[in-house]
Each structure stands twice: as structure tokens, then as C-alpha cells.
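Enquirer: I would like to see how this sequence folds:
(chains A, B, C and D)
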There are 2 protein chains.
Amino acid sequence: MEATTIKDIARICGVGVSTVSRAINDHPDISNETKALIMKAIKEHNYIPNNSARNLKRLESNTIAVLIKGITNSFFNSMLKVFENEIQKKKYSFLLHRVEEHENELDVALQLEKEKRLKGIVFLGGYFIHSEEKLRQMKVPFVLCTGGISDKVDKNNSSYVMVDDLQESYRMVDYLCKLGHKRIAIITAPIDDESIGKLRLQGYKQALKDNNITIDDTLIRYIEDDNLDTFSMKYGYEAAKELLESGTDFTSIFAISDSMAVGACKAIFEKGKSIPEDYSVAGYDGMDVTFYYQPSITTIKQPVSEMAEETIRILFDLIEGNKQGEGKIFDAELVVGQSTRSLAKL
Amino acid sequence: MEATTIKDIARICGVGVSTVSRAINDHPDISNETKALIMKAIKEHNYIPNNSARNLKRLESNTIAVLIKGITNSFFNSMLKVFENEIQKKKYSFLLHRVEEHENELDVALQLEKEKRLKGIVFLGGYFIHSEEKLRQMKVPFVLCTGGISDKVDKNNSSYVMVDDLQESYRMVDYLCKLGHKRIAIITAPIDDESIGKLRLQGYKQALKDNNITIDDTLIRYIEDDNLDTFSMKYGYEAAKELLESGTDFTSIFAISDSMAVGACKAIFEKGKSIPEDYSVAGYDGMDVTFYYQPSITTIKQPVSEMAEETIRILFDLIEGNKQGEGKIFDAELVVGQSTRSLAKL
DNA sequence: TTGTACGCGTTATCAT
DNA sequence: ATGATAACGCGTACAA
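Expert: The predicted structure follows:
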């Protein structure tokens, strides 16, 4: 049995297709009776309009797409809620689309823009490294939200909302230095990472330099294993284990994500050591788990909701033509937990 | 400037549209020269085929959609990876679509089926409660994966992969009983939950009964607060805090999700109590955090990868017409962590 | 090997 | 208020 179309409904009701269309789309110029008749037939025959045809015909749709790169982490989840609410408030509809790791988010966006007649796009996560020329193809407003942006991107011409990963990483490492730590290990992304991993590592190095501490490569730990998710607990666990067993000396670990920090803590506990007595541990992101872990973990907390709200605000400014493009860098907050201590106190 | 279409490319290259179409879709009957010429023009003019038009015209597409209900949790993430790989192996493409909490997943599926000419659907999470009649509208094969299924659903006619939440919950509570616990609290979903929350609560009650322990309502804890995600750490934390401050006596807590268990642990630690010395804590799901938490948390570990693989296997059996429909219930594994202890040992 | 013409299901325009 | 009809952009049967 073929799928029922608008024509079938029209034939069944003895009306024209345009009348059916009017009924479906709540157009004003249609009598209540015929509308009721049509809606009844639609229910009875389980008619579902074909979205592809609608999108093709419609000149525009009030849809905002959020493209999310990589695996959804709980970090993004809170943002998504804000997006959903804000977009709904504006009477727009919300389309979430996941971009695979190997896909080019810009190509996906370009394609979706045509397919769904998007009004705006939010790029969530990922590392933005596209050329000006390709960026210009985007005909609808878009905002980059969290995640690194390559220097190649003209920041004057695109809108973005983010924290300064280098600076915030610096803030944390500097804090550890000020606590008296001199041998600070970092658990970071594999060496070929060009994204936030690189920035956070740079912040680490800069902070050490500014505190007159020589950078020791044996304290910079990463794992080359494609099977391991870089920002996962397991990654942090394995890296910390290697670190502990390497024999190199250190008093604290800075993991560039909270999950990694959790894994690192476990590795320390398994060696029969204590936190923060034997080792201080710090994370990055400000996820829930840092609060609920025992001990709670010192971290860099990104103002997630505010960033999401600002992203939508900027996007709608762009859509409504009020502004030219705007970048906003949020300050993160260093939340001190029980996982770090001052060496001076001993 | 208007978006470039296939006609533009045809005109530019001085060929017919069908030739361009052939170039795009890798059809065999086209000379390499013209194809190269066309592809060059496509690059130069940034032509992107309109997917809506393609979907409309195409009679079929080799696409499998995974509909995921509610907020993505890390539980689903591991499954998604398996889905992605397996689907790719079969040379199908993979479409992830998130279903809002208030949406009807079946309606979404029906719509998507038309729009994208799907070959198969996986429903991930949520609670399946649809009538036979509505289910019959689904013209493509589908498999229900994890999450409760209402008794209303004819299990002989649909395919599903899941664990028996009631039985697994029973397993955990029975284990606690066998450890000598008699005052076992449960942190569960709000009372109106009709899904897994209900099943796990039933398992709890049944296990107590079978161990000749009277059910005490003061030990059944949930929080009525729409702002709190039911399965979150914060929910577990708040519930455990209320429990601890209620003055009711108990020796262990069973939280119906691992995240809740983590929150409960924190509440206990904040009262200056120890785990498992003062209280035993158990979770459910088998998420990473149970291993990395300190102490590691006893939990019910669902065989996530196996379930995902089986889901895809069944789906393709259905697609290829080999089978009629198949249900599979997986056994979960009780993973003993450091968070529970035998009372006898004291 | 290539081009022409039609139709996919819908909405918008223009009649009536 | 309603109906006929022309697009929307693409794929494909058919003709050349």
C-alpha cells in the first residue's frame, strides 16, 4: 500500500489539494466545516505530510539548527536545554544535528541550510579552522559556541562565544604554582591535537614559565591510543597510572578535563596515596562530578548557561539584522575543591 | 544571489541536467572527461545538491535512523558508537535524531520515515506505550532498545532488546539482603514514573518480600521537583540528604541509577560518615563513574555493546526479510565494588 | 554517451 | 471560500 498523499486526502474529501494544504497549515481563508472534514479524513487515513516536499517548496522555515561535534558530553547537555528554551521562546523550531568526528561541520551546515531553509546555526564544540572563503558561503547567521577557533578565522567577521582556554588553563596552573607546587604534571590530549588540548597545554607552559618553573617533558602526559576517548575517565586513569609508575617526581596533576581528573584520582587512590595530602589534582570544565566526587575536585568552571544564552542572543541579533557580528569571551571561575592543597601548610 | 542548482551547473557546463546528475551520483554511463568538467564546475560554484529534492525524488535511501529519547546520557553514547560502526559496515548511512521529552517518538518516526525514506529505525530509551494500531503504521522495520515497554505493546509483533529491569533490580536488592542488610533505602523516580523507575522499584519491593523484610515507606525516597533531572547526581544527592536528615534508620541505599548513587555517596560523606562502613551504597547501569569513584560503587552493569550489536543484528534481519520479529532480554551483571559490605563481618 | 521531459508531494499564486 | 496550476530541485525513463 502506497503512502497517502495530499492528493489522496483531497480526492477523499472531494476538495482541491490547496484546500487540504490550507487546512494543514492553519491558513485563515477556509471554512471551519471543510477544515473539520479534512482533518477528520487525515486522522482516519493516517496522512502525514512529506517534509521533504514541504521543505522544497517552502521559501523559508523558522528553524535554528545546532550542530554538535563529536560525542555529546554532559557539558553540552545543559547548553542544549537553554538553546531549546530560548529558541522556543522566539517561536522558532529547534533542530539538533550531530556531526561525526570525521565530518566537516561547515559542509554539513551548508547542506542543512539548503535542505531545511535554516534561519540560523549554532556550532557547538569542535575546532573551527575554516577559511574565510568557505565561511562566506554561509548565507545564514551563525555563532560559534565553545571550542577553539583557529587563528585563520577572521574573528571580526564571525560571531563566537567562548572562554579563553589558554588563559583559563593558565589561571589554574598559576593557582597551583601559587600553592607552592613546583612539580606539576599535566594530563593532556595527544600531541597532534590542534584544538583546546593545545591551548590548555599552552596555558600550562606559560604559567610555569611565568612562575620561573622549568618545563619538564616527563610531566607532560598523553596517550596515543585511538581506542581511548581523549577526554574520558579511562584516559585520565591510564595516563595517571603511567605517570605514577614512571618514577618521575611531582606533587600535583592538572588534567585538562574533569573526567580525566576523576580517572587520575582513581589511579592515585589505587596506589594507596591520598588526595590532596600526597597529590593535588585539578580538572577543567566545571562538570557536576567535580562537586560530587570525594574529595571534590578543584576545577575551572565555565559559565555554561550564560554562554548558551549569549549565543542565542547574538544569533537572533544577527537574524534580525541588528548587529554585524559579535564575539564574546567569558571568564570562567576557578572553583576550589578539596582535591588541592597548599604545600606551605605542611 | 540565488543558490546554485543543478540547472545552473548544467548551463555552465553546456550539458544537460541529467549528465550533471549522473556525475553527482557516480553513475557509470558518463565519460570521464565530462564528469571531470562537471565536478570542476561544481567545486568552483560551490554547488550543493538540495537534499529535500533528492529525498523527494528518490524512492529509497539506505538510511537507518536512531531515535533517542530525552537527554543523551553517557550510557547511550557507547551504544551510538556501535550503531555507527555496524551501520557503516552494512553500507548504510546513519541518522541520529533526538526526540524531545514531550514528543511522541512514534509520530516522529512516522514523519522521518516519509521524509528520509528510511530503511529501519532504532528506538533508544524512552518508554514504549503505543497501541498496536499505531504501531502498524510503521512500514519499516524497527527495534526497541533499552527502556521499558508497556504491557500494551504486543511483544510477539515487535522486536526489542533490553534487560529485565525488574529482575535486575531484584538481583541487586536481594544481594544487599544476603549481605545482611535489613533496612535498605531506595532512591527512585517520582511516584508518577511509569517507566524503568517503576520497574526497578517493583524489583526492590519484591526482593524485600522474598527476604521477609517488611516494606517501609520511609525508606522509599523520591523528589518531586521538575527542575531536577531524575537520574542526575544532584537528584541522588538531595534525596539522600533528606533521607539522612529524616532520622529514619537504614544501613544501605540502593539508587536506581549510578549518577544518583554518586550523589548519595556525597551526601553521606558530607555527614561525616563512611562508605561502606556506615552505609552501603549501590547503583544501577554500570557506567564508568562507578569504577572511578572512590570507593568504587557496586552496580548492575548492562552489557551495552552486546545489546547495541544485537539491536543492529535484529534490525538487519528484519530489513533483509529473514525473520519475523525477535525479542531478546539480556542478563546484566552485578559488579561488586567497594561501596557495599556484609553486615555479618562486623 | 548524452539530453529532454516528466513527476516526486507540497505550497503559493491566481483565478473563480 | 475554494480549485486549478505553476513552481521548488532533483532523478530517471526514454529518446537520440
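
Enquirer: what's the neighbour count on residue A:190?
Expert: Using other C-beta atoms under 10 Å in any protein chain shown, residue A:190 has 14 other residues around it. The C-beta positions use only the backbone N, C-alpha and C, and glycine is treated the same way.

Enquirer: gap between it and DNA strand C?
Expert: 46 Å (C-beta to the nearest atom of the strand, to the nearest Å).

Enquirer: so what's the backbone phi/psi at that residue?
Expert: phi -50, psi 150 (degrees, to the nearest 10).

Enquirer: contacts only, for it.
Expert: Counting by C-beta atoms under 8 Å, 6 or more residues apart in numbering or on different chains, residue A:190 touches A:197, A:222, A:223, A:224, A:230.

Enquirer: mark which of these are buried, thanks.
Expert: The neighbour count (16 or more other C-beta atoms under 10 Å in any protein chain shown) marks A:197, A:222, A:223, A:230 as buried among the contacts of residue A:190.

Enquirer: just curious, which of the residues you listed is nearest to residue A:250?
Expert: In terms of C-beta to C-beta, no member of the buried ones among the contacts of residue A:190 lies closer to residue A:250 than residue A:222, at 15.4 Å.

Enquirer: list the contacts of the closest one.
Expert: Here residue A:222 is in contact with A:187, A:188, A:189, A:190, A:191, A:239 (C-beta under 8 Å, 6+ apart).

Enquirer: of those, which belong to helices?
Expert: Of the contacts of residue A:222, the ones assigned to helices by DSSP state H are residue A:239.

Enquirer: now tabulate the contacts of residue A:222 in JSON lines and tack on distance to DNA strand D and pLDDT.
Expert: Converted to JSON lines, those look like this (distance: C-beta to the nearest atom of the strand, whole Å; pLDDT from 0 to 100):
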{"residue": "A:187", "distance to DNA strand D": "47", "pLDDT": "98"}
{"residue": "A:188", "distance to DNA strand D": "43", "pLDDT": "97"}
{"residue": "A:189", "distance to DNA strand D": "39", "pLDDT": "94"}
{"residue": "A:190", "distance to DNA strand D": "39", "pLDDT": "94"}
{"residue": "A:191", "distance to DNA strand D": "41", "pLDDT": "88"}
{"residue": "A:239", "distance to DNA strand D": "47", "pLDDT": "98"}
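
Enquirer: top of the contacts of residue A:222 by neighbour count?
Expert: residue A:187 (29 neighbours).

Enquirer: test my guess that that residue contacts residue A:237.
Expert: No: Residue A:187 is not in contact with residue A:237 according to C-beta atoms under 8 Å; the separation is 9.6 Å.

Enquirer: quick check: closest non-adjacent residue to residue A:270.
Expert: Using C-beta to C-beta, 6 or more residues apart in numbering or on different chains and skipping the chain neighbours, the partner closest in space to residue A:270 is residue A:241 (7.7 Å).

Enquirer: what's the burial count for the one you found?
Expert: 18.

Enquirer: buried ones in the host helix or strand of it?
Expert: Residue A:241 belongs to helix A:233-246 when assigned by DSSP states H and E. Buried residues in helix A:233-246, defined by neighbour count with 16+ other C-beta under 10 Å: A:233, A:234, A:235, A:236, A:237, A:238, A:239, A:240, A:241, A:243, A:244.

Enquirer: ok, now which ones touch residue A:22?
Expert: A:29, A:30, A:35.

Enquirer: is any residue of the helix or strand harbouring it near DNA strand C?
Expert: Residue A:22 is part of helix A:17-24 when elements are defined by DSSP H and E. Yes: residues of helix A:17-24 contacting DNA strand C under C-beta under 7 Å from any atom of the strand: A:17, A:18, A:21, A:24.

Enquirer: ok, that helix near DNA strand D or not?
Expert: Yes: residues of helix A:17-24 contacting DNA strand D under C-beta under 7 Å from any atom of the strand: A:17, A:18, A:19, A:22.

Enquirer: buried ones in that helix?
Expert: Residues of helix A:17-24 classed as buried: A:19, A:20, A:21, A:22, A:23, A:24 (neighbour count, 16+ other C-beta under 10 Å).

Enquirer: can you map out the strands along chain A?
Expert: Secondary structure of chain A (DSSP state E): strands at A:63-69, A:93-99, A:120-124, A:142-145, A:159-163, A:184-187, A:220-221, A:252-255, A:280-282, A:299-301, A:327-330, A:333-335.

Enquirer: can you list these in JSON lines and add distance to residue A:86?
Expert: As requested, these are exported to JSON lines (distance: least, C-beta to C-beta, whole Å):
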{"stretch": "strand A:63-69", "distance to residue A:86": "9"}
{"stretch": "strand A:93-99", "distance to residue A:86": "9"}
{"stretch": "strand A:120-124", "distance to residue A:86": "10"}
{"stretch": "strand A:142-145", "distance to residue A:86": "12"}
{"stretch": "strand A:159-163", "distance to residue A:86": "13"}
{"stretch": "strand A:184-187", "distance to residue A:86": "35"}
{"stretch": "strand A:220-221", "distance to residue A:86": "40"}
{"stretch": "strand A:252-255", "distance to residue A:86": "32"}
{"stretch": "strand A:280-282", "distance to residue A:86": "32"}
{"stretch": "strand A:299-301", "distance to residue A:86": "21"}
{"stretch": "strand A:327-330", "distance to residue A:86": "16"}
{"stretch": "strand A:333-335", "distance to residue A:86": "23"}
